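K.L.:
Sequence and predicted model, in that order:
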Amino acid sequence: MKKILLTVLFLLLSLVLFACGSEAEGEEDAQNSEESTEEENKGNTEEQTEDSESPQPGETEETEDGTRTLHRMWEEGETFETGPIVLTIDKIATAEASFEGETADMLETDHIEYIQVDVSVENTSDNDVTFYAGQGRMATSTGEQIEPDLWLSGHIDGEMMAGTKANDTFYYMLENSEAEDVESVRLVFSAPYDSESYDDLGEELDFEIELPKE
């Protein structure tokens with residue numbers, strides 16, 4: 001059991017193949033035009049190298065335990081409000097991963113198809129509010145209805161204290177379709193409610209996001 005838990009934790013870390021890469025920011029010294037040009041070219045080369053290391057849709061990354069392939073990436077970020085809750089979908093990506101050796105044995109599978117959703121949430125109220133940002137239900141364009149995988153996903157406490165913010169990453173495992181075929185996802189979040197009176201403080205959030213191919 002301990003080995004399985006350790007493997008799951010390792011998988012959680014390794015799944016984030018499409019985390020945002022850092023952008024190189026160089027400072028130019030304009031005292032000498034030739035030196036300035038050389039410095040700028042050097043900075044551009046470093047930035048291109050960093051960009052090339054960030055997986056892009058359609059690319060496959062080799063890892064110690066197998067491969068990861070990123071299919072679609074949506075990074076526009078969209079914010080939704082319901083009562084005192086401000087929910088932002090920061091990023092959605094579809095991907096697949098293949099495993100070898102001990103990892104495949106421990107997980108009892110050598111392949112998974114999944115969707116990653118990065119979520120941020122804020123309680124703007126002066127009171128405590130209950131809102132389950134980590135329990136959004138998903139319907140895919142391929143016809144699957146799924147919820148975040150409890151083992152692999154992060155956690156956002158549903159009992160949000162006044163004026164607090166939180167963010168984390170959630171993984172939705174596809175069972176009857178392939179990640180590369182998912183063109184859009186619909187997400188539904190239950191309405192927030194007062195932590196003491198249990199009265200609803202807003203409406204249910206229900207929206208759809210189109211996922212670009214490239």
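P.N.:
Yes, it's here.
K.L.:
where in this structure is pLDDT low?
P.N.:
Along the chain, segments meeting pLDDT under 70 span 1-55, 214.
K.L.:
hmm, 50 instead?
P.N.:
1-7, 9-10, 12-14, 20-33, 36-37, 45-52 (pLDDT under 50).
K.L.:
Would you mind giving the domain segments of it?
P.N.:
Domain assignment for the chain by automatic domain parsing gives 2-18+56-210, 22-54.
K.L.:
Ranking those by mean neighbour count, which comes first?
P.N.:
domain 2-18+56-210 (a mean of 17; mean count of other C-beta atoms under 10 Å). For glycine as for every other residue, the C-beta is placed from the backbone atoms N, C-alpha and C.
K.L.:
any idea where the strands of this protein begin and end?
P.N.:
60-63, 66-74, 78-82, 85-99, 111-123, 129-130, 137-140, 145-146, 159-160, 165-174, 184-189, 193-194, 205-210 (DSSP state E).
K.L.:
Out of the ones you listed, which is closest to L152?
P.N.:
Checking those against L152 by C-beta to C-beta gives strand 165-174 as the closest, at 4.3 Å.
K.L.:
and that closest one, what other elements does it pack with?
P.N.:
strand 111-123, strand 145-146 (3 or more C-beta pairs under 8 Å, 6 or more residues apart in numbering; DSSP states H and E).
K.L.:
at 6 Å what do you get?
P.N.:
Under the contact definition 3 or more C-beta pairs under 6 Å, 6 or more residues apart in numbering; DSSP states H and E, strand 165-174 sits against strand 111-123.
K.L.:
Neighbouring strands - and their directions - for the strand it packs on?
P.N.:
Strand 111-123 pairs in its sheet with strand 85-99 (antiparallel), strand 165-174 (antiparallel), by DSSP bridges.
K.L.:
Quick one: closest of those to A133.
P.N.:
That would be strand 85-99 among the strands paired with strand 111-123, by C-beta to C-beta, at 6.1 Å.
K.L.:
ends of stretch 129-141, how far apart?
P.N.:
32 Å (C-alpha to C-alpha, to the nearest Å).
K.L.:
swap that for stretch 180-194, please
P.N.:
40 Å.
K.L.:
what do you get for stretch 135-154?
P.N.:
Stretch 135-154: ends 11 Å apart by C-alpha to C-alpha.
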